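S.K.: fold the following and give me the result.
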Amino acid sequence: MVAQAVGAILSGQATTVVVFRCLNGRSGRRFGAGSPVAQQARVGGQQSWDEFFLPWGLVTPGQFFALLAQRHMTEFGTTHEQLGRIAVACRDRANANPAAQMHDRVMTLDDYLDAPMIAEPLRLFDFCLETDGANALVVTTVERARDLRQPPALIRAVAQGVSRGGQGGAMWPVLVREDALQMASRQVAERLYQRAGVGPDDVDVAQFYDCFSITALLQFEDYGFCGPGEGGPFAESGAIDLGGRLPINTSGGHLSEAYIHGMNHVVEGVRQVRGTSTSQVPEAEVSLVTSAPPIAASALLLTADR
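M.R.: Coordinates of the predicted model:
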């Protein structure tokens, strides 16, 4: 949505665009639930492969990401404790954020490991929250933004793309690729860094789309912060904590702040380069914000106006 706003402004179709997301993800439609309607509607065509998955019980995102987590564990030795470090890091940041759903709920690694298994190997706190909420931001020209009350966050680059050789349907066909762990975010990362003229070493803080803990772990690798298969040790090393190499999801992310389809990540990315986050990274100049890996992904790089 931010990229579309940028395109509208650069092409002269608009001077100022409000980008927002609102949803009743707790009291209204629960996005992670399986749907009998979906199972009926997609069997027999509609450019979908869903009929090869849905009748066998693969109906929810949690089940899909659990299979990716199991694959990563099998291939690279990733552990439950490493996934737990991601969940705990997000919870620590939420505990500092008064607006987070989990602001007053401290969680240790033992708490994470003691939580019930939902879709093996993913436990309760590997799953994002269900949220009633909304976020909005204003996109305009640099000249106009510099004349406003708040210091601007400059949009350095945007990118969007799909996985190479993608099949029809939702996310399920990813599972039958030769490499099920190769996500669209790999291609998006290449394009994003090329457009921005920066690389992973230049990023000070990141807001990773974390519908599940494994989603964030895969993106550590895809965006070049560690090598393939090294996402688990990267998380376990403390690199993602506030004082680490790459603090992540500094408002709590989807795992512990709120699930608003990534828009809260964009807002927090803005706060970081403005210097107004509740878990501020000192002198943060470059902030990465990402969207979900399968089956399409997007990302943007925000920079401070100094």
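S.K.: is it true that residue 292 touches residue 208?
M.R.: No - counting by C-beta atoms under 8 Å, residue 292 does not reach residue 208; the two are 9.8 Å apart. Every residue, glycine included, has its C-beta placed from N, CA and C.
S.K.: and the two? Which one has more around it.
M.R.: Using other C-beta atoms under 10 Å as the criterion, residue 292 and residue 208 rank with residue 208 on top: 31 against 23.
S.K.: and the closest residue to that one other than its chain neighbours, what helix or strand is that in?
M.R.: Leaving aside its sequence neighbours, residue 208 sits nearest to residue 216 (C-beta to C-beta, 6 or more residues apart in numbering; 4.3 Å). Taking DSSP states H and E as the definition, one finds residue 216 inside helix 213-222.
S.K.: do the same with residue 136
M.R.: strand 132-140.
S.K.: pull out the buried residues from that strand.
M.R.: 133, 135, 137, 139-140 (16 or more other C-beta atoms under 10 Å).
S.K.: repeat that for stretch 245-262.
M.R.: For stretch 245-262, by 16+ other C-beta under 10 Å, it's 246-262.
S.K.: now stretch 266-280
M.R.: So for stretch 266-280, counting by 16+ other C-beta under 10 Å, buried means 266-274, 277-280.
S.K.: for that stretch, output the C-alpha coordinates as PDB.
M.R.: The C-alpha atoms that make up stretch 266-280 are tabulated as PDB, following Å, rounded to 0.1, in the frame of the first residue of the first chain:
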ATOM      1  CA  VAL A 266       5.300   0.200   9.100                       C
ATOM      2  CA  VAL A 267       4.200   2.700  11.800                       C
ATOM      3  CA  GLU A 268       6.900   1.300  14.100                       C
ATOM      4  CA  GLY A 269       9.500   1.600  11.300                       C
ATOM      5  CA  VAL A 270       8.600   5.300  11.100                       C
ATOM      6  CA  ARG A 271       8.900   5.800  14.800                       C
ATOM      7  CA  GLN A 272      12.400   4.300  14.800                       C
ATOM      8  CA  VAL A 273      13.800   6.700  12.300                       C
ATOM      9  CA  ARG A 274      12.100   9.500  14.000                       C
ATOM     10  CA  GLY A 275      13.500   8.500  17.400                       C
ATOM     11  CA  THR A 276      10.100   8.100  19.100                       C
ATOM     12  CA  SER A 277       9.800   4.300  19.600                       C
ATOM     13  CA  THR A 278       9.200   2.900  23.100                       C
ATOM     14  CA  SER A 279      12.200   0.600  22.400                       C
ATOM     15  CA  GLN A 280      14.300   3.100  20.500                       C
END
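S.K.: chain center to that stretch: distance?
M.R.: Mean-position distance between stretch 266-280 and its chain equals 16 Å (C-alpha atoms, centre = their mean, to the nearest Å).
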